[in-house]
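Asker: Test case, fold it:
(one chain, ligands or ions: 1)
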Amino acid sequence: MRLRLDPIACEGHGLCADLLPEHVTLDEWGYPLLDADVPEHLATHARGAVSACPTLALRLQRTRSTFAARPERLG
Ligand code: SF4
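Answerer: From the prediction side, this is the model:
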């Protein structure tokens with residue numbers, strides 16, 4: 001999964017960095033710096049950070065590896 005930020009919508013509340021410190025740090029003005037590739041075991045935390053963003057500036061995007069991790073259908 002990949003974290004995406006809309007820098008226009010972000011108001012620098014910093015909540016995302018509190019909820020997902022493994023992948024979000026804040027710059028000197030309080031705006032997020034993303035380590036965007038989120039491993040599957042942190043997906044729940046990442047979804048929580050996305051849901052908590054008061055300006056809807058964060059979103060999660062599935063990546064090719066996310067799809068590859070799913071079992072294939074046979075037949
Ligand atoms: S919680 Fe949302 S508005 Fe606040 S810093 Fe993070 S992305 Fe920006």
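Asker: Could you double-check that residue 58 sits in contact with residue 48?
Answerer: No - using CB atoms under 8 Å, residue 58 is not in contact with residue 48; the gap is 10.5 Å. From N, CA and C alone the C-beta is placed, and that goes for glycine too.
Asker: Excluding covalently adjacent residues, which one is nearest to residue 54?
Answerer: Nearest non-adjacent residue to residue 54, counting by CB to CB, 6 or more residues apart in numbering: residue 13, 5.9 Å away.
Asker: residues touching residue 52, list them.
Answerer: Residues touching residue 52, when contacts are defined by CB atoms under 8 Å, 6 or more residues apart in numbering, comprise 15, 16, 19.
Asker: Quick one: residues contacting the second one.
Answerer: What that stands for is residue 16. When the contact criterion is CB under 8 Å, 6+ apart, the partners of residue 16 are 24, 32, 49, 50, 52, 53, 58.
Asker: Let me have those residues in CSV, extended by secondary structure.
Answerer: What follows is the contacts of residue 16, written out as CSV (DSSP: H, G, I helix; E, B strand; the rest coil):
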residue, secondary structure
24, strand
32, strand
49, helix
50, helix
52, helix
53, coil
58, strand
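Asker: between those residues, which is nearest the ligand?
Answerer: Distances from the ligand to the contacts of residue 16, taken as CB to the nearest ligand atom, are shortest for residue 53 (3.3 Å).
Asker: Tell me how far the closest residue to the closest one other than its chain neighbours lies from residue 56.
Answerer: In space, not counting the residues next to it along the chain, residue 53 is nearest to residue 16; the distance is 5.9 Å by CB to CB, 6+ apart. With distances taken as CB to CB, to the nearest Å, residue 16 is found 12 Å from residue 56.
Asker: Report the entries of the contacts of residue 52 that also contact the ligand.
Answerer: Filtering the contacts of residue 52 for proximity to the ligand by CB under 6 Å from any ligand atom leaves 15, 16.
Asker: For residue 41, state which of the contacts of residue 52 is nearest.
Answerer: Comparing these against residue 41 with CB to CB places residue 19 closest, at 15.4 Å.
Asker: All good on my end, thank you.
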